[in-house]
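Participant: the sequence and its predicted three-dimensional model are supplied below.
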Amino acid sequence: MMNETTRTYDVIVIGAGPVGENVAERTRAAGLSTVIVERELLGGECSFWACDPSKALLRPVVARADARRVPGLSHAVAGPLDVEAVLAHRDKMSSYWKDDDQVDWLDSVSVDLVRGHGRLDGPRKVSVQTPEGDTVRLTARYAVAVSTGTSAALPGIPGLENVRPWTSREATSSDRVPARLVVVGGGVVAVEMATVWQALGSQVTMLVLEDGLLQRMEPFAGELVTDGLREAGVDIRFGTSAASVGRENGEVRVSLTDGGELVADEILLATGRAPRTWDLGLETIGLTPGDWLKVDDTFRVTDVADGWFYAVGDVNQRALLTHQGKYQARIAGTVIGARAKGEQVDDAPWGTHVATADRTAVPQVVFTHPEVASVGLTTREAEQSGRRIKVVDYDLSHVAGAHQYADGYRGQARMLIDLDRDTVAGVTFAGPGVGELLHSATIAVAGEVPIDRLWHAVPAFPTISEVWLRLLETHRG
């Protein structure tokens, strides 16, 4: 027998990934009663099928690649990776796909949980179908926040429905190594997963429709990653993709747009993301299912009247990165609390209640070998914006810390200077170990630190961070 219950809260959050959890924690900290709705595992994509498992897989791969360039250590790491140990480490870092710790954390911050499929049912109302077949009807006094994220966007390749392709979920959670893996795409997921599975024993072939990898970043970043993947044994084919696919006797047959053909054991489609809004009840509040949710800088959905509806994280398409979604969540939860109490909203740039960094200071690391780390504008974006920019490049291999890091170190650094403001507008590093340089760059960009003041930020010798001094010297000539 199905049961129906009705509950009222100050705030309802749909989606219990890191973003939704942070929204709920912030609204609860503001004194608002809060419930969170989740149909899968608390912790979401990042904890179980993206950030945590992928970086757990990549860490031993990158560490071995670095160690192979260290005198006195290279011989000791010449052999293959222990695949069983790597996958076991991945499983541990993914909490064995159990969310008990996340449930305990929600309890610790006094946020209620309803498990099930939550759909909007008109303004401030959410209907939840539980796994037991019951219905829980929720009403929000102040706000409903959607943090349902994204899922893999699959291209319309003929035959795909019969192939059971890998998406990022299968690529990060597989318990076996395919002998042959085709990766379709040239973005972050594609290069990271190609790095992992090649190192674990697959023969990886990448099909990249564009003429380079990591097209949204500085060109030198994609070029260095291309070199690294090819040195590892990955077959990268530019200017081609899958025209059709099929599976026969367990093998995937891929017909290429250039007329060629490939045979593999699995095919990974890393061709973009789509918002999880198809079955969210958007039509009950005048929005279109499947659309991205457009928001203002306080994360109110702009096409919904009365300001009760918020969209936070990937679902708003501002910056599809977990750390950026959590930044948005901290702001959204705080501003929901302020508005509920009738407090003044600080919505000036860099204010307490707005997400200014989404537009000007978004950091990202690509965990390949070499790594890529970037924040702020790229050269192309700067040119398109019409700003007067000076491009300052420096070869990272000339820094003393790089010589200490590894024999034959290869890398590149680029700093963009806004000539009208005399501040750093963007930074990109590509090279082993550069991910740990990124936060200094993020502070420089977000803090709008004047170039003259950066001269007084002295990097320690001998570290790779000395590249900051070299970039400034190159700028001054």
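Facilitator: Received the coordinates, thanks. Residues are numbered from 1 along each chain as shown.
Participant: the helices in the stretch 1-150 of the chain, which residues?
Facilitator: Using DSSP state H, counting those that start in this stretch, the helices found in the stretch 1-150 of the chain span residues 18-29, 44-49, 51-67, 83-93, 100-108.
Participant: need the contact list for the spatially most central residue of the chain.
Facilitator: If you average the C-alpha coordinates of the chain and look for the closest C-alpha using C-alpha atoms, centre = their mean, you land on Leu321, 3.3 Å from that point. Leu321 makes contact with 362, 364 under the criterion C-beta atoms under 8 Å, 6 or more residues apart in numbering. Placement of C-beta: from N, CA and C, glycine included.
Participant: tell me the pLDDT of it.
Facilitator: Leu321 is assigned 96 on the pLDDT scale.
Participant: before we move on, what about the one 10 residues further on?
Facilitator: The predicted structure scores Ile331 at 98 on the pLDDT scale.
Participant: check Asn3 too.
Facilitator: As summarised for this prediction, Asn3 has a pLDDT of 73.
Participant: tally of neighbours for it?
Facilitator: 10 (other C-beta atoms under 10 Å).
Participant: ok, it to Glu38 distance?
Facilitator: The spacing between Asn3 and Glu38, counted by C-beta to C-beta, to the nearest Å, is 20 Å.
Participant: ok, back up a step: redo the helices of the stretch 1-150 of the chain as JSON lines? Include distance to Gly431.
Facilitator: As requested, those are exported to JSON lines (distance: least, C-beta to C-beta, whole Å):
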{"stretch": "helix 18-29", "distance to Gly431": "29"}
{"stretch": "helix 44-49", "distance to Gly431": "26"}
{"stretch": "helix 51-67", "distance to Gly431": "11"}
{"stretch": "helix 83-93", "distance to Gly431": "24"}
{"stretch": "helix 100-108", "distance to Gly431": "35"}
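Participant: dump these to JSON lines, plus mean neighbour count.
Facilitator: As requested, these are exported to JSON lines (neighbours: other C-beta atoms under 10 Å):
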{"stretch": "helix 18-29", "mean neighbour count": "26"}
{"stretch": "helix 44-49", "mean neighbour count": "25"}
{"stretch": "helix 51-67", "mean neighbour count": "20"}
{"stretch": "helix 83-93", "mean neighbour count": "15"}
{"stretch": "helix 100-108", "mean neighbour count": "14"}
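Participant: Glu466: which of those helices is closest?
Facilitator: Taking C-beta to C-beta as the criterion, helix 51-67 is the member of the helices of the stretch 1-150 of the chain that comes nearest to Glu466, at 18.7 Å.
Participant: give me the contact list for that closest one.
Facilitator: Residues from elsewhere that reach helix 51-67 (C-beta under 8 Å, 6+ apart): 46, 73-74, 76-77, 81, 85-87, 89-90, 92-94, 168, 171-173, 192-193, 195-196, 199-200, 228, 232, 322, 367-369, 371, 405-406, 432-433.
Participant: quick one: it to helix 18-29, angle?
Facilitator: Note on geometry: by axes from the mean of the first three to the mean of the last three C-alpha atoms, to 10 degrees, helix 51-67 and helix 18-29 are set 120 degrees apart in direction.
Participant: and Val111, what is it in contact with?
Facilitator: Residues in contact with Val111, defined by C-beta under 8 Å, 6+ apart, are 24-25, 28, 34-36.
Participant: give me the nearest residue to it, chain neighbours excluded.
Facilitator: Distance criterion C-beta to C-beta, 6 or more residues apart in numbering; nearest residue to Val111, sequence neighbours excluded, is Ala24 at 4.5 Å.
Participant: and Ala340, how many neighbours?
Facilitator: Ala340 sits with 17 neighbouring residues when counted by other C-beta under 10 Å.
Participant: wait, it sits on Leu32?
Facilitator: Yes: taking contact to mean C-beta atoms under 8 Å, the distance of 5.8 Å between Ala340 and Leu32 places them in contact.
Participant: joint contacts of the two?
Facilitator: 10, 142.
Participant: in the helix or strand of the chain with the lowest mean pLDDT, which residues are buried?
Facilitator: The element with the least model confidence among the helices and strands of the chain, by mean pLDDT, DSSP states H and E, is helix 357-360, at a mean of 92. Neighbour-count burial for helix 357-360, counted by 16 or more other C-beta atoms under 10 Å, picks out 357-358, 360.
Participant: show me what that helix is packed against.
Facilitator: helix 322-340, helix 438-446 (3 or more C-beta pairs under 8 Å, 6 or more residues apart in numbering; DSSP states H and E).
Participant: would you turn the buried residues of helix 357-360 into JSON lines with distance to Ala332?
Facilitator: Formatted as JSON lines, the entries for the buried residues of helix 357-360 read as follows, by distance: C-beta to C-beta, whole Å:
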{"residue": "Ala357", "distance to Ala332": "14"}
{"residue": "Asp358", "distance to Ala332": "12"}
{"residue": "Thr360", "distance to Ala332": "19"}
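Participant: against Val70, how distant is the residue nearest to Ala85 when sequence neighbours are not counted?
Facilitator: Closest residue in space to Ala85, ignoring its immediate chain neighbours: Pro60 at 8.0 Å, by C-beta to C-beta, 6+ apart. Using C-beta to C-beta, one gets 15 Å for the distance from Pro60 to Val70.
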